[in-house]
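Colleague: could you look at this predicted model? Sequence included:
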Amino acid sequence: MAYQRKRICRFCEAGVQYIDYRDEKRVSRFLTERGKIIPRRVSGTCAKHQRMLSSAIKRARILALLPFVSDNPA
Amino acid sequence: MSELRNYEVTFIAEPNFDDERVNSLVGKYTEFIEKNGGTVEKVERMGKKRLAYAIEKRQYGYYIYTELKMPGEAVAPLKRWFALSEDVFRHLAVRMTDRDVRLKAVTTEHYRKEMDRRNAATRPGAREGGGYREGGRDFREGGRPERRDD
């Protein structure tokens, strides 16, 4: 299969304007199994949504909704 | 008192709390906010949840989410109150600008409509995945994401 062109931002596509830090299920797909935030160049998220996303993830981590690091790939 | 601002405050209480102790905690919390010139507008008990990592050996916590209006000066006393509290072992206070509040409302509404649309489309009971987005590959399937932009 040929390489894929840069895709559009999932959040833009879905019409999302605010990313809630309590919504860990929606946000956790943007983490690797180690718990790192997936970079824009991989996920294709636009700059605006990536900023919102990273704040949301960091807040969720404080509340122990998401891990800072994870040894067991979930 | 100065201008009231919107805040979202979530705190995590001991997991073994029963309704009565939660009620009493929420009562004390509300009282504290009101004493400092604020009003609690919404309290949502998210209930007992598993923590993503252990906090002082605890694996679970009782989550309480609140929306409130209070003057900025009340934040520091509130944080001190949490720090001194024996019931609450973690808290997060987030200032919400008017814009944040608006965008959050719009997005929540959007998700709700999306769900309705989906529920109407698929027959009830034929629930698939449960995500808010279908079609399109989840880049987490099949292991590590590959770089796609070279």
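Modeller: Sure, I can see it. Numbering: from 1, shown residues only, chains lettered A, B, ... in the order given.

Colleague: tell me where the chain has strands.
Modeller: You didn't pick a chain, so chain A it is. In chain A, no segments count as strands under DSSP state E.

Colleague: that's the other chain; I wanted chain B
Modeller: Going by DSSP E, chain B shows strands at B:4-13, B:39-55, B:58-71, B:88-96.

Colleague: in chain A, where is pLDDT below threshold?
Modeller: Across chain A, the ranges flagged by pLDDT under 70 are A:1-6, A:72-74.

Colleague: returning to what we had before: and residue A:38, which of the strands of chain B is closest to it?
Modeller: Closest approach to residue A:38 among these (C-beta to C-beta): strand B:39-55, 17.0 Å. Quick note: C-beta positions are derived from backbone N, CA and C, even for glycine.

Colleague: parallel or antiparallel, which strands does that closest one pair with?
Modeller: strand B:58-71 (antiparallel) (DSSP bridges).

Colleague: now the partner strand: buried residues?
Modeller: B:60, B:61, B:62, B:63, B:64, B:65, B:66, B:67, B:68, B:69, B:70 (16 or more other C-beta atoms under 10 Å in any protein chain shown).

Colleague: now swap in stretch A:18-26 and tell me
Modeller: A:18, A:19, A:20, A:21, A:22, A:23, A:24, A:26.

Colleague: surely residue B:41 and residue B:67 touch.
Modeller: Yes. Applying C-beta atoms under 8 Å as the test, residue B:41 and residue B:67 come out as touching, 5.0 Å apart.

Colleague: quick check: closest non-adjacent residue to residue 53.
Modeller: I went with chain A, as the question did not name one. In space, and not counting its chain neighbours, residue A:53 is closest to residue A:19: 5.4 Å by C-beta to C-beta, 6 or more residues apart in numbering or on different chains.

Colleague: to clarify, I was referring to chain B.
Modeller: Among residues not flanking residue B:53 along the chain, residue A:67 sits closest, at 5.4 Å (C-beta to C-beta, 6+ apart).

Colleague: which ones are touching the one you found?
Modeller: A:35, A:61, B:52, B:53 (C-beta atoms under 8 Å, 6 or more residues apart in numbering or on different chains).
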